[in-house]
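Novice: I would like the atomic coordinates for the input below:
(4 chains)
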Amino acid sequence: MNSIPLSIISRLLFPLQLTLSIILLFRGHNLPGGGFIGGLLAASAFALVGFANGSARMKTFLLFAPSVWIGTGMLLALLAGLMPVLMGEAFFKGLWHYGIIPTIVAGDVKPGTPMLFDIGVYLLVVGIASHLVLLFESKGGD
Amino acid sequence: MISALAILLISSLLAVPLRSLIGPRAGLLLALAPAGLFYRTFKSLPEISTGAVFLEKTPWISSLGVDLSFRLDGLSLLFLLLIYGIGALVLIYSVGYLKDDPLQGRFFGLVLFFLIAMAGLVAAENLILLFIFWELTSVASYFLISHYHTDAMARRSALRALLITGCGGLALLAGLILIGMRCGTFSLTEVLLQRENLVGDPRYLLILLLVLAGAFTKSAQFPFHFWLPGAMAAPAPVSALLHSATMVKAGVFLLARLFPALGGTPEWHTIVTGFGAITMLIGAVIAFAQTDLKRLLAYSTVSSLGTLTMLTGLGTVEAHKAMVVFLIVHAAYKAALFLVSGSVDHAVHTRDVRRLGGLLREMPLSATAAIISGLSMCGFPPMLGFLGKELMYEAKLQAPQIAGLVLSAGVASNILIVATATAAGLRPYLRTKLDDNIHGHEVSWTMWFGPLLLATLSIIWGSMPHLLQESVIRPAIEAVRGEPLKIKLALWHGINPVLVLSVLTLILGAAVFMVIKILRRFREWLGALVKGWNGDRTFDLLFDGTLGAARYLTRLSQHGYLRGYVAVMIAFTGMALLWAVWKVEAWHFAFQSPDLFLSAPPALIILILLMCGSAIFAAVAKSRLAVLSGFGVVGFGIALLFSWHGAPDLALTQFFVETILLILMLLVIGHLPRFQEGRGMRLRDLMLSVGVGLLFAIVTLHSFWVHTNDSISSFYLENAPVAKGNNVVNVILVDFRALDTMGEIIVLAVAALGASAVLRGSPGRSETGAGRRYQLSFKKVISQRKPGFKETLS
Amino acid sequence: MSNLLAFPIVIPFFCAALNILVKNGIFRRVLAVVGTAATLAVSIALLTAVEASGVVVLNAGGWAAPFGIVLVADRLTALMVAISACVGFCSAIFSLGDVGSAANRAGFYTFFHILLGGVYGAFLSGDLFNIFVWFEVMLVSSFVLISSGGSKAQIGGGMKYVTLNFISSGLFLTGIGLLYGKAGTLNLADLALKLASPADRETMLPAAMLIFTAFGIKAGLFPLYSWLPASYHNPLPTVSAVFAGLLTKVGVYALIRIFTLVFPLEGTRMADLLLILSLLTMLFGVFGAATQMDARRILSFHIISQIGYMTAGLAMGGLGGLLSSIFYTIHHIAVKTNLFFVAGILEHTSGSGVIGRIGGYWKTRPLFSFLFIVPAFSLAGLPPLSGFWAKLLVLKSALSLGFAVTAVIALFVGVYTLFSMIKIWNEAFLKAPPTGDHPTRRIPLVFFIPVMLLATLTLFFSLIPQGLLSFAEAAAAQLINPTEYINAVLFLSR
Amino acid sequence: MEIWTVLLIGVLFGVSFYFLLSRNLVRVLLGLLLFGQGVNLLIFTSAGLTTGHAPILDGSGNTPQPVADPLPQALILTAIVIGLGMIGFSLALFRKAREQAGAVDLDQLKED
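Specialist: Here you go, the predicted model:
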């Protein structure tokens, strides 16, 4: 599958897909989407790069090992649950904070622990999907 | 009492370190514990003999009604003296007997542990506490029988003894619980006062049988008698202590203990006396046919236990008097004989009575002890045994029912016992040396001290029975009967039927012995015959039978075929659902509303029919691509259905997941040449699948019609703005039910990491350190053949 | 509201996340011990909190029940969490010697932590669907642990385990779906209120039966236990010890919880069904054990047999029945885990778990032998060990409620249990080793400590059982009269 | 209209059981996949089918009516993802099994 056109297309598509996935992630709270779907889309972007250019390229695109994505995602999700505990609130209570992060995408992005949680999910899903793709890709040739 | 148990426990724990520190002599030091306790108990004799009962109670497990409560009365005192006394002698004996045994320390510890169990058993005031000690004696016995642990026979015998007494123990437990429930307490003292209540219980017979099962197994009554000779695999001191003097008498003790509460009824008389008499006779016959010194003694013990049981069953004052006296008599002579037989074995290295001879000269002190004890066993005056036999005959003569039968059985077995005693206690020492290859020598003082002391006591007590009469015997009988009594023991009663019987027994016994000497072949024939009476083969057969059944059932249910397991689960689910459907009459709902059928847009109908068709197509399709495309239609169809019914998030997710799964499937199973159909295409599978599938459909239909409550969903719709989101599903996922999502992503993470662990690394296995050893061994394990049937038992 | 309830779940997952990020082997080992110790500490705090206030509730996300997910600890929960934390801690220590560096590198501890987290979650959750999620967390990590040795036997066992448990999960989920469709709620306390009338409960029978079947599979009831003996003897000893101690017991716990709170069994035909199944479970389990020759397989079958005792207590009902069930479960967890440790040590030191091929421990390893005797005889129900009290409780309630057959079978099974324990003892300990060389290899301290800890715990339950008994009795009382639970979840926590 | 979905549920369960009863490991896996989908559909159906709007608020505080029940959707979403994880892992296991046993015949993996 190492054809030149596919390679070019995948690299062209990559930023598009990634942006789209992040939009899906952030708008999930209001419209269909969310961390899981966004994560899958992002992973498919990485996977496409992988299929087109080989797993080495995919790994460089990922920046970190998939396990780092997974672990960080899990930690972020846990953190979203633990932050309210530190504030003396119930575990996983949604805490909202305006002001720390400027509202870039107008009112659609709401900084708070649920958002943090969703980002955790997103990272984790990216990690998992790329992990699996790399795994099956490396073992798939036999 | 607790302090006594504590002393024994401490010495038991000290045994091993002490033995390794100062060698075999540690036993002498350890014997101080039971000896001291013997002295302490002895000192309380005067008080007990006035009829006093010491009660001592420490709360333990109040919610189960179990206390650490103990009761010292005449009966428990008698047993305690036996236990401590013989316990101390046996410890001393073992110093020499097991001198070179590396496990001697553990042996000392176990003997002391047994003493705890036995002392606790006879002193326990709480029924459950009694049972605890009861089982502990079995456990101790198990460990002591299997002392020579590399001997397969010893292990087997120990297991058999434990299982038999364990079974009986469990029955006893059930009986005791029933007693406790009926009486509302487990306190022995209170239970003993509730005779009317217990005897009036409709379950009285059941209770009695359960208790008797416990007592009979422990006291080796017919048909459970066979474990006792097997227990002779134990070292001789163990046989002397557990399997003749103390533990096997626990059953008799229990009967005597519960006599005021359960005894005296016709059922009691019939069963206890009957089994006792049968055991007495059978034991005597088998004992007579033995040639191994220890086995011979073991079967005569069985006979004696039968006698004791029978006497307890008779239930008259005379019978109980005889029982108590014979208990002491038997403990004294049988323990001595066992110990000497151990010495003989130790010195001569054979226990075959046909080969032994001339031992009086070679080991004079041990032989003297054996001869005196043998005479006591025969019932010669002025030994204690004579007294016991006299009382026995007297009791039998005055037995309320079936006196003649009991008496003749008693006389017959006593004749045989006399012959046996001659063979075991007299001949090996008195007759001339037969075999020049056999050389004996006197054993060390630790080994002759005990038997000689016991023999001496036999003479002293026999000639001066009043020494025991008031201090020990009367209080014991009073404790059994629960009423004050006057008794008189004397060696000489004048010429009366009892004396005639005694003399007759001796003469006939001697005669039998003489005749048998001549009719050697008869004895061999008898030996061969009674071998079949040995219950252990029957027991093994029974046990093997259940094991065989177990094996069959296990093979049947645990056959290793996944599809069989799956079939069972699906069938079970189907049955459960069928029952539920039948109970709620679900089919009524299926056709209640015709618009269920009608009101669907054609596009939807077509979609669903298409999906159904694809699913069925996938089931029958042969090629991988065909199956997967069938699955694809179903999966994406479901996504469409979700979207149709207002679930865009679901539709999206389903779409993505389906895509990923199809790709993964293609990747992973892509390298298969073809599907092997195997034997999958069977009617059974088809019927099961269709049937259970139908049930699921019915259950779903049923669910439309019984909405009992409105969903809590309106809350989410109303409160989503509070959670600052408009997509309610997403808000539920990341806020209302974030914990679910948390779990979900963890599942994903584990699945992904696990997939690589399975394929690449191996968390279940490693190459270095401990894991490496394991890995190597692991291969051995799996290449194992299945164990043979025989192996399972041994 | 008490965030304490969140920690038994959070700590293991936190450890797991760190495990994923940090590859250092020593760090992972230390973290395993520290993390499980922390959970143990939390669980003990939870135990005291529950002792003080009866039922402790945490509304996750701050949303009141039944709308949010609620974590609840009544006495039973607290007890189960505490004993499981003990098992977790001991297993972590045992794993130090058992889990090699390759396994560590492959992420053993990640799955270990997550498994424990899932177990605690399943205990603590008061929401039906959330329980399902924790079940899945627990299962997926156990899938990995059970099948990742890579040997054929492990894969075969793993395949069975995966398939049969997947079916169980699906049935459970179906039951949840049906239940939600009708009752409109997922919170256990809320379900109990909405299904308060027997007529309503009856209409839910299909859902109840599905959930029953699903839990029956997880608990290992007859005839649904086949996955258990097929797979438990294969993985690392640490893994089978944790599985033996906890996994089926989560099923038992779930059975107890659902069938006292949502669908009370008392007086229903389901109670009869459960009783019959329990008795068959006892028998088939012990039969299976009697025919095996591999130490861990014998023990695996005994798990099944004893599950029967636990569910029999539930089926007989009443305070006595539930008390026996709870006491049995707690006792069993400590004992069974320990026996699997011992079996693991046998395999490590002799190179085989097949008892016919090893021997000689009584001669050369008396202390270790004694440490086997404690749990083995306790399992066999010999007095005065904890198993005896457990058996006594079962017998007492069977006899007082008139279940004579139950009593007879319980006693009969007791004999066979004793037989198989003695079989192990006779073969592996007493017998001279067939190869002639006695196991003289030193048993590492990390193996000894957990065995000793659990044996001490068993001795504690044996000799001073009053504390546990009282607590379990109070727990049973809470189950019989769930008003306290329902009030705490639905009304007091707001 | 429900009856059609119920029909589909029945077929999905039936076919998945049929797959699960196979000797072929691949078919067992496919059976698990189908079983999971049947279960999801059952939850979705049992909670009540609507042809209404997605449970997405329009931001003005009004809820469009009729609206689909959001909770089962969230549950199914979770279940789908969990199912993905399970099947994904099983596939890895399957692959290992094939490497080990060299076949997809379950009888060759039989040990007890």
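Novice: does the nearest residue to A:P66 once chain neighbours are set aside sit in a helix or strand, and which one?
Specialist: The spatially closest residue to A:P66, leaving aside those adjacent along the chain, is A:H131, at 3.7 Å (C-beta to C-beta, 6 or more residues apart in numbering or on different chains). All C-beta atoms are positioned from the backbone trio N, CA, C, and that covers glycine. Element membership of A:H131 [criterion: DSSP states H and E] is helix A:113-140.
Novice: so what's the model's average confidence on that helix?
Specialist: Summarised as a single mean, pLDDT over helix A:113-140 is 82.
Novice: likewise for stretch C:467-482?
Specialist: 92.
Novice: buried set for it?
Specialist: C:468-469, C:471-476, C:478-480, C:482 (16 or more other C-beta atoms under 10 Å in any protein chain shown).
Novice: equivalent analysis for stretch B:339-353, please.
Specialist: Under 16+ other C-beta under 10 Å, the buried positions of stretch B:339-353 are B:339-348, B:350-351, B:353.
Novice: so the residue lying farthest from the centre of chain C: helix, strand or coil?
Specialist: Within chain C, the residue lying farthest from the chain centre (C-alpha atoms, centre = their mean) is C:G436, at 38.0 Å. Classification of C:G436 by DSSP: H, G, I helix; E, B strand; the rest coil places it in coil.
Novice: tell me the phi and psi of it?
Specialist: phi 100, psi -30 (degrees, to the nearest 10).
Novice: repeat that for B:L489.
Specialist: Dihedral angles (degrees, to the nearest 10) for B:L489: phi -110, psi 130.
Novice: that one contacts B:S471, correct?
Specialist: No - using C-beta atoms under 8 Å, B:L489 makes no contact with B:S471, being 11.7 Å away.
Novice: mind checking how far whatever residue of chain C ends up closest to chain B is from C:G25?
Specialist: With C-beta to the nearest C-beta, the shortest gap between chain C and chain B falls at C:G100, namely 2.3 Å. Distance of C:G100 to C:G25, computed by C-beta to C-beta, to the nearest Å: 10 Å.
Novice: and the two? Which one has more around it.
Specialist: C:G100 (26 against 16; other C-beta atoms under 10 Å in any protein chain shown).
Novice: what about the more buried one, distance to B:A738?
Specialist: 37 Å.
Novice: kindly report the same for B:S713.
Specialist: B:S713 is 17 Å from B:A738, by C-beta to C-beta.
Novice: between the two, which has more neighbouring residues?
Specialist: Higher neighbour count among B:S713 and B:A738: B:A738, with 29 against 25, using other C-beta under 10 Å.
Novice: ok, B:M514 - how many residues close by?
Specialist: 12.
Novice: contacting residues for it?
Specialist: Remark: with contacts taken as C-beta atoms under 8 Å, 6 or more residues apart in numbering or on different chains, B:M514 is in contact with nothing.
Novice: A helix includes it, no?
Specialist: Yes - B:M514 sits within a helix when classified using three-state DSSP.
Novice: can you show me the helices along the stretch 351-500 of chain B?
Specialist: B:359-362, B:364-378, B:384-397, B:403-421, B:427-430, B:445-463, B:466-468, B:474-481, B:497-518 (DSSP state H, counting those that start in this stretch).
Novice: over to the stretch 251-400 of chain C?
Specialist: C:269-290, C:295-316, C:318-350, C:361-364, C:366-379, C:386-401.
Novice: so which bits of the first one are buried?
Specialist: If I follow you right, that is helix C:269-290. C:270-271, C:273-275, C:277-290.
Novice: so how far is B:L609 from C:V22?
Specialist: With C-beta to C-beta as the criterion, C:V22 and B:L609 are 54 Å apart.
Novice: to clarify, my last question referred to D:F44.
Specialist: 18 Å.
Novice: between these two, who's got more neighbours?
Specialist: D:F44 (26 against 14).
Novice: that one: which element?
Specialist: Going by DSSP H and E, D:F44 is in helix D:25-46.
Novice: among the buried residues of stretch B:339-353, which are in helices?
Specialist: If you go by DSSP state H, those have B:339-348 in helices.
Novice: number of nearby residues for residue 55?
Specialist: In the absence of a named chain, chain A is used. Neighbours of A:S55 (other C-beta under 10 Å): 18.
Novice: nope, chain B
Specialist: 14.
Novice: quick check, it in contact with B:E125.
Specialist: Yes - in this structure, B:L55 is within contact of B:E125 by C-beta under 8 Å, at 6.5 Å.
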